[in-house]
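J.: Sequence first, then the predicted structure:
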Amino acid sequence: MTSWDMLAICAVLLFGVPHGGLDGAVARRIGWSSGIQSWCLFHFTYIILAALVTLLWWLFPLASLGVFLLISALHFGASDIVDIGTDLLPWAAHGGLVGIVIPNLHPILVEPIFTILVGADNASLLMNCITSLFFPWLLSLIGYCFFAYWQVKYRKSLINLLVLVGLVFILPPLISFSLYFCLWHSKGHTLRLWHSLDVTERRRSAVEAAIYTVISWLAAGFIFYSYQEPSSITLIKVTFIGLAALTLPHMLLVDYADRQYYTRGRPL
Ligand SMILES: CC1=C(/C=C/C(C)=C/C=C/C(C)=C/C=O)C(C)(C)CCC1
Ligand SMILES: [Fe+2]
């Protein structure tokens with residue numbers, strides 16, 4: 001791992017992870033009350049789901065990484081176009097960027113990372129599967145180009161996606177992932193949510209997000225140093241398995257519960 005890769009991973013932890021810190025604010029606005037019982041239930045459920053993902057990863061690494069890539073595609077795709085719509089073609093094209101395009105454009109660099117996460121045999125199986133998805137993804141991108149020609153509202157997001165594909169092409173995988181995750185996904189989510197929050201909710205939500213962020217950094221640091229031999233391999237494991245663990249509750253809240261609230265007519 002180069003020092004740029006290290007920097008990229010640190011950026012993911014420092015600037016990417018905090019966007020999940022606003023999940024408490026999301027929970028409140030979809031109806032979780034601020035009472036002590038609800039508060040405990042919310043945190044308990046969040047932690048149990050995250051722990052369950054970690055346990056499942058340990059038991060079934062290949063299936064867990066496969067499902068993680070799939071739900072990440074749904075999450076990233078939905079988030080990229082959240083202000084515009086929910087059409088399938090743009091969703092698929094945006095969703096495939098991280099899980100399909102990055103591994104296909106840099107298989108030599110991505111396969112060793114998958115190997116760290118799920119073992120060599122599983123990594124090569126997964127790479128074969130992802131390779132076979134590249135052509136369908138390319139078709140979705142071409143279809144999206146035509147779609148955006150007619151649906152003018154999608155043009156800007158299409159151009160964004162094309163720029164991102166260009167970045168993925170020229171940059172190493174961890175660097176392009178980190179740029180997308182920190183500067184597109186997390187920044188977009190945080191700004192959108194911030195503006196949609198009641199002014200009276202903002203201060204509390206910011207303090208809460210800062211506390212959750214520090215707790216997740218401490219947890220990551222603790223797990224990292226409790227490994228017998230902290231190394232770049234351990235850093236990769238802690239980062240991506242940690243992301244997978246936090247993504248499930250984060251996604252259930254943001255993409256499922258909050259979207260229902262959103263489609264009931266309130267602003268996001
Ligand atoms: C595992 C792995 C990758 C995918 C990471 C993903 C898919 C992260 C998703 C994070 C989410 C969904 C956060 C929620 O907000 C890469 C970059 C292809 C590189 C190789 C290792
Ligand atoms: Fe997210």
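T.: Yep, it's here. Ligands and ions are numbered 1, 2, ... in the order given.

J.: Starting from ligand 1, give me the distance back to Leu252.
T.: Noted for Leu252: a distance of 12 Å to ligand 1, by Cβ to the nearest ligand atom, to the nearest Å. In this view, the C-beta of every residue, glycine as well, is placed from N, C-alpha and C.

J.: mind listing what that residue touches?
T.: Leu49 (Cβ atoms under 8 Å, 6 or more residues apart in numbering).

J.: go with 10 Å
T.: Asp23, Thr45, Tyr46, Leu49, Ile71, Asp258 (Cβ atoms under 10 Å, 6 or more residues apart in numbering).

J.: looking at these, which has the most residues close by?
T.: Asp23 (24 neighbours; other Cβ atoms under 10 Å).

J.: Surely it and Glu208 touch.
T.: Yes - between Asp23 and Glu208 there is a contact under Cβ atoms under 10 Å: 9.2 Å.

J.: related to what we said a few turns ago, which members of the contacts of Leu252 are the farthest-apart pair?
T.: Within these, Thr45 and Ile71 form the most distant pair, 17.2 Å apart (Cβ to Cβ).

J.: Which parts of the strand or helix carrying Ile48 count as buried, going by neighbours?
T.: Here Ile48 sits within helix 36-59, counting by DSSP states H and E. Buried residues in helix 36-59, counting neighbours by 16 or more other Cβ atoms under 10 Å, are found at Phe42, Tyr46, Leu49, Ala50, Val53, Leu56, Trp57.

J.: Tell me the secondary structure at the spatially closest residue to the second one that is not a sequence neighbour.
T.: Going back to what we said before, that points to Tyr46. Residue nearest to Tyr46 in three dimensions, not counting chain neighbours: Pro249, with 4.6 Å by Cβ to Cβ, 6 or more residues apart in numbering. Following DSSP: H, G, I helix; E, B strand; the rest coil, we place Pro249 in the helix state.

J.: Could you tell me how many residues sit around Pro249?
T.: 21.

J.: just checking, it touches Gly20?
T.: Yes - Pro249 is in contact with Gly20 according to Cβ under 10 Å; the separation is 8.5 Å.

J.: which residues do those two both contact?
T.: By Cβ under 10 Å, 6+ apart, the residues touching both Pro249 and Gly20 are Tyr46.

J.: Toward the C-terminus, what is the element adjacent to the longest helix along the chain?
T.: Across the chain, the longest stretch assigned as helix under DSSP state H is helix 120-150. Following helix 120-150 in sequence order, the next helix or strand is helix 155-170 (DSSP H and E).

J.: So for that next one, mean pLDDT?
T.: In this model, helix 155-170 carries a mean pLDDT of 97.

J.: Next one, pLDDT for Leu268 please.
T.: pLDDT at Leu268 comes out at 45.

J.: Next, count neighbours for the residue in the stretch 101-250 of the chain positioned nearest to ligand 1.
T.: Across the stretch 101-250 of the chain, no residue is closer to ligand 1 than Phe177, which sits at 3.6 Å (Cβ to the nearest ligand atom). Here the number of neighbours of Phe177 (other Cβ under 10 Å) works out to 23.

J.: What of the one 10 residues further on?
T.: The number of residues packed near Lys187 is 14, by other Cβ under 10 Å.

J.: That one reaches Gly16, doesn't it?
T.: Yes - proximity of Lys187 to Gly16 meets the contact threshold set by Cβ under 10 Å, at 9.4 Å.

J.: Now for these two: what residues contact both?
T.: Phe181.

J.: Would you mind giving the buried residues of helix 36-59 as CSV with pLDDT added?
T.: Putting these into CSV (pLDDT from 0 to 100) gives the following:
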residue, pLDDT
Phe42, 88
Tyr46, 91
Leu49, 95
Ala50, 94
Val53, 96
Leu56, 97
Trp57, 96
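
J.: Compile those into CSV and extend it with columns for distance to ligand 1.
T.: Listed next are the buried residues of helix 36-59 as CSV, based on distance: Cβ to the nearest ligand atom, whole Å:
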residue, distance to ligand 1
Phe42, 18
Tyr46, 14
Leu49, 14
Ala50, 12
Val53, 12
Leu56, 15
Trp57, 11
